[in-house]
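Trainee: Any chance you can model this:
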Amino acid sequence: MFTESPDTFLDDFGVPCSKGTLNFVGLLDMPDTTFDLGGMSIQSREYSLTFRTDDVSFAVGDAVTVSGVSYIVRSPASQLDDGLFSAVKLSKP
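Mentor: Numbering: from 1, shown residues only. Next up, the predicted model:
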């Protein structure tokens with residue numbers, strides 16, 4: 001039987017994060033989105049942070065540091081799949 005370890009996954013792909021004095025590991029995604037506004041294309045970057053649900057909790061407006069860069073939480077946390085991981089959307093201040 002195969003049992004996956006979220007800690008191994010985070011060790012391999014995660015980055016250091018902090019909320020106040022709490023340190024944890026998360027996954028930062030930064031996909032680009034392109035919008036077509038009547039023939040004019042605008043590109044935007046969407047930041048999201050995935051983390052172990054047990055490690056930290058967030059509210060909209062909380063400050064978080066990811067790999068030394070400051071962000072502000074702009075969405076409530078939503079649990080992913082079985083709830084082991086959650087994600088929030090971020091913006092740069």
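Trainee: OK, contacts around the residue nearest the centre of the chain?
Mentor: Centroid-nearest residue in the chain, with C-alpha atoms, centre = their mean: L49, separated by 0.2 Å. Taking C-beta atoms under 8 Å, 6 or more residues apart in numbering, we find L49 in contact with C17, G26, L27, L28, D29, V64, V66, Y71, A87, V88, L90. To be clear about C-beta, it is placed using only N, CA and C from the backbone, and glycine gets the same treatment.
Trainee: Same check on L27?
Mentor: L10, F13, G14, V15, L49, T50, F51.
Trainee: same thing with I72?
Mentor: G61, D62, A63, V64, L90, S91, K92, P93.
Trainee: same deal with G61?
Mentor: Counting by C-beta under 8 Å, 6+ apart, G61 has contacts I72, V73.
Trainee: Strands along the protein, start to end?
Mentor: Using DSSP state E, the strands assigned to the chain run over residues 15-19, 22-29, 32-37, 40-45, 47-52, 63-66, 69-73, 78-80, 85-91.
Trainee: Which neighbouring elements make contact with the last one?
Mentor: Under the contact criterion of 3 or more C-beta pairs under 8 Å, 6 or more residues apart in numbering; DSSP states H and E, strand 85-91 touches strand 47-52, strand 69-73, strand 78-80.
Trainee: so which of the ones you listed is the most packed in?
Mentor: Highest mean neighbour count among the helices and strands packed on strand 85-91 (mean count of other C-beta atoms under 10 Å): strand 47-52, with a mean of 19.
Trainee: now it against strand 22-29, angle please.
Mentor: 130 degrees (axes from the mean of the first three to the mean of the last three C-alpha atoms, to 10 degrees).
Trainee: wait, doesn't S70 sit right on L90?
Mentor: No: S70 lies out of contact with L90 (C-beta atoms under 8 Å); the separation is 9.7 Å.
Trainee: Show me the common contact partners of the two, please.
Mentor: Joint contacts of S70 and L90 (C-beta under 8 Å, 6+ apart) are V64.
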